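**Q** the following comprises the amino acid sequence and a computationally predicted model.
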Amino acid sequence: MKEAILSARAKSKESLEVAKELLAKGHYDFAASRAYYAMFYLAECALFTKGFTFSSHKGVISGFGKELVKTGIFPLEYHTSITKAFSLRMNGDYGDFQSVSKEQGEEIIKAAEDFCTLLDKYLESYLQDKIC
């Protein structure tokens, strides 16, 4: 489990870095997608620490809200952020060319930074508790 958490944290960090690079180059659709995945990897991992696994993106998002937000582990704004990021990712991946605006890209990357910072701290604490 430790290896899976470390791997998810690394993928999340890399996805967020790439999202920022893509945004700077004007690739807003792809930036939104990478920002979403940065959030998704950590949400999935946080759910796993509580014994939950899901087979779809919608399942992870719903489970995050039900099992980690409604129980008070994370604030509601983080469920809102990942839900919005998923919607932008879907628009960016499957919508018309340049479905995501620069402003939306900037907003979702900021939300992803906040989301990933909090969830990364949670996962780091989880690892420390399990190691000690």
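**A** Looks like it arrived, so ask away. Residues are numbered from 1 along each chain as shown.

**Q** which element is the residue nearest to Leu119 when sequence neighbours are not counted on?
**A** Counting by CB to CB, 6 or more residues apart in numbering, Leu119 lies nearest to Leu42, which is 3.9 Å off, once chain neighbours are set aside. Where you see a C-beta, it was placed from the backbone N, CA and C, and this is true even at glycine. Using DSSP states H and E, the element containing Leu42 is helix 28-49.

**Q** pLDDT score assigned to Ile131?
**A** Looking at Ile131, its pLDDT is 64.

**Q** before we move on, the earlier item: what's the local residue count around the residue nearest to Leu119?
**A** For Leu42, the count of nearby residues is 29 (other CB atoms under 10 Å).

**Q** then Lys84?
**A** 17.

**Q** residues contacting the residue nearest in space to the middle of the chain?
**A** Taking CA atoms, centre = their mean, the centroid of the chain lies closest to Met39, which sits 0.6 Å from it. By CB atoms under 8 Å, 6 or more residues apart in numbering, the residues touching Met39 are Ser12, Ser81, Ile82, Ala85, Ala111, Ala112, Phe115, Cys116, Leu119.

**Q** do Ile73 as well
**A** The contact partners of Ile73, by CB under 8 Å, 6+ apart, come to Ala46, Tyr122.

**Q** can you give me the helices in this protein?
**A** Using DSSP state H, the helices assigned to the chain run over residues 2-24, 28-49, 57-63, 76-94, 102-131.

**Q** tell me the most buried of the ones you listed?
**A** When those are scored by mean count of other CB atoms under 10 Å, the highest mean neighbour count falls to helix 28-49 (a mean of 25).

**Q** how far does that helix sit from its chain's centre?
**A** On the basis of CA atoms, centre = their mean, to the nearest Å, helix 28-49 sits 3 Å off its chain's mean C-alpha point.
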